[in-house]
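K.L.:
A structural model of the following input is requested.
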Amino acid sequence: MAHAAIAKRQRAATQPGAASTTEGELRAHVEQLERRLRKGDEQRRAMRHIMSDLSEFNKRLTNQRKAMLHILADYEDDRRRLARQTERLDNSRRALLHLLQDSQTDKLHLEASRKAMIHIMGDLRETTAEMQRRELELREKQEQLVQAGKLATLGELTTGVAHELNNPLNNTALFVGNAIDLIELGATDQGRTVGELRHALQQVRKATEIISHLRTFGRAAPASREPTSLRQVIERALFLLQEQFRLREVEVTLDLGPEELVVLGNPIQLEQVFINLLTNARDAVADAPRKAIRISGAVVAGAVEVAVADTGHGILPELEQRIFDPFFTTKEVGKGTGLGLSITYGIIKEHGGTISVVSPLGEGAAFLIHLPLAA
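P.N.:
Got it, this is the predicted structure:
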């Protein structure tokens, strides 16, 4: 375009009279060209701004597209997660329905179980009442059995007790006879007569003591427990049997040590225990070369341990497990009821203790009793 303008300008310069016109047109044309150039520059600058804005817009669009892709990916993850949660919710709903159905079934079962439990509780109450009644009957029969065993023991002691009473009665008669003779002879020494009567009174008291002890032992024992000295219990049992031991020439040794053996128990029942054991020991040594019975006791580990040992022939090993069974006896027919050791076992057990037998072959038998020591 510039070359065309220059060529036109040269043509105009060669023509006469047209120089001023051509120069004005040329200037106008140059100004037009300059305006076009300025406008083209402005458009170019505008185009660059537009291109720059377009590039920036493309970058933003690219970033938005990337962000949209992330959003779409997150949406897809959320959709999958929602689908899984929906599936779990459906499973939970189905499980809840099953639970509700099972709960209804369990409720029905529970109702049936409750009714059954009511019947069971009723039966249990009736059974408990029946058991209490039977236990009371059993206790009464056991007390009757103990009393029967006690009376049987008294029957066995009759001979010795009769002899024990015969001595003070004879002595009483002798002292009273002496006093009567002194009175009839008109003796002036009243002190001698009073002495004879006092001796007679002592013998009466001795006979009264024996009878009182027999009455105490023979009556039914109360169910109460009290601190009881085993030494006194054993000495009372020996008192009732001493005449029999003397007549049969049985040597009895008592060794309870220096410590007082006190248990919480019933004195009458415990006396029956030792009378039964001493009676068995008496019979065990009847035909032994050496007739001896030894009673020993001590406190061992917070308990009282008492042993009643004899020098008899002992108990066969196969019979040791049956020795405490009711109505079991190794004595001849008519010489034993088989209740003594059974009653003894029951009394010791009621007192919270144990009883066992040790019988080495040919060395006699020893019955070991363990009772809780009284506080």
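K.L.:
what about the longest helix in this protein?
P.N.:
If you go by DSSP state H, the chain has its longest helix at helix 19-156.
K.L.:
which helices and strands does that helix pack with?
P.N.:
helix 2-14, helix 190-218, helix 267-284, helix 340-350 (3 or more C-beta pairs under 8 Å, 6 or more residues apart in numbering; DSSP states H and E). Bear in mind the C-beta positions are built from the backbone N, C-alpha and C, glycine included.
K.L.:
With only the CA atoms kept, save the helix or strand following the third one in CSV.
P.N.:
Read that as helix 267-284. Of the helices and strands lying after helix 267-284 in sequence (DSSP states H and E), the nearest is strand 292-300. Coordinates of each C-alpha in strand 292-300 appear next as CSV, following Å, rounded to 0.1, in the frame of the first residue of the first chain:
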residue,chain,number,x,y,z
ALA,A,292,-5.2,-102.3,127.5
ILE,A,293,-7.0,-99.2,126.2
ARG,A,294,-5.3,-95.9,125.7
ILE,A,295,-7.1,-92.5,125.3
SER,A,296,-4.9,-89.7,124.1
GLY,A,297,-5.6,-86.2,122.9
ALA,A,298,-4.0,-83.0,121.8
VAL,A,299,-4.6,-79.7,119.8
VAL,A,300,-3.4,-80.1,116.3
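K.L.:
how big is the angle separating the following helix or strand past strand 292-300 from strand 292-300?
P.N.:
Heading C-terminal from strand 292-300, the first helix or strand you meet, by DSSP H and E, is strand 303-310. Interaxial angle, strand 303-310 versus strand 292-300 (axes from the mean of the first three to the mean of the last three C-alpha atoms, to 10 degrees): 170 degrees.
K.L.:
average pLDDT across strand 303-310?
P.N.:
Mean pLDDT, computed over strand 303-310, is 91.
K.L.:
which residues make contact with it from outside it?
P.N.:
230, 234, 256, 261-263, 274, 277-278, 281, 284-285, 288, 292-299, 353, 364-373 (C-beta atoms under 8 Å, 6 or more residues apart in numbering).
K.L.:
Determine the angle, from 0 to 180 degrees, between the longest helix of the chain and helix 267-284.
P.N.:
Helix 19-156 runs at 60 degrees relative to helix 267-284, counting by the same axes, to 10 degrees.
K.L.:
Give me the distance from helix 19-156 to the chain's centre.
P.N.:
How far helix 19-156 lies from its chain's middle: 47 Å, per C-alpha atoms, centre = their mean, to the nearest Å.
K.L.:
between that helix and helix 340-350, how big is the angle?
P.N.:
Using the same axes, to 10 degrees: helix 19-156 against helix 340-350 is 140 degrees.
K.L.:
where does the chain dip in pLDDT?
P.N.:
Counting by pLDDT under 70, the chain has low-confidence residues at 1-20, 138-168, 170-171, 187-189, 203, 206-224, 318, 320-322, 324-340.
K.L.:
let's go with 80 and repeat that
P.N.:
Low-confidence segments of the chain (pLDDT under 80): 1-21, 135-225, 240, 243, 316-342, 360-363, 375.
K.L.:
Would you mind giving the domain segments of it?
P.N.:
For the chain, automatic domain parsing gives the domain ranges 1-134, 157-219, 224-375.
K.L.:
Output those domains as a markdown table; include the columns mean neighbour count.
P.N.:
Output for the domains of the chain, formatted as a markdown table (neighbours: other C-beta atoms under 10 Å):
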| stretch | mean neighbour count |
| --- | --- |
| domain 1-134 | 11 |
| domain 157-219 | 14 |
| domain 224-375 | 17 |
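K.L.:
so T228, which of the three states?
P.N.:
In three-state terms, and counting by DSSP: H, G, I helix; E, B strand; the rest coil, T228 is strand.
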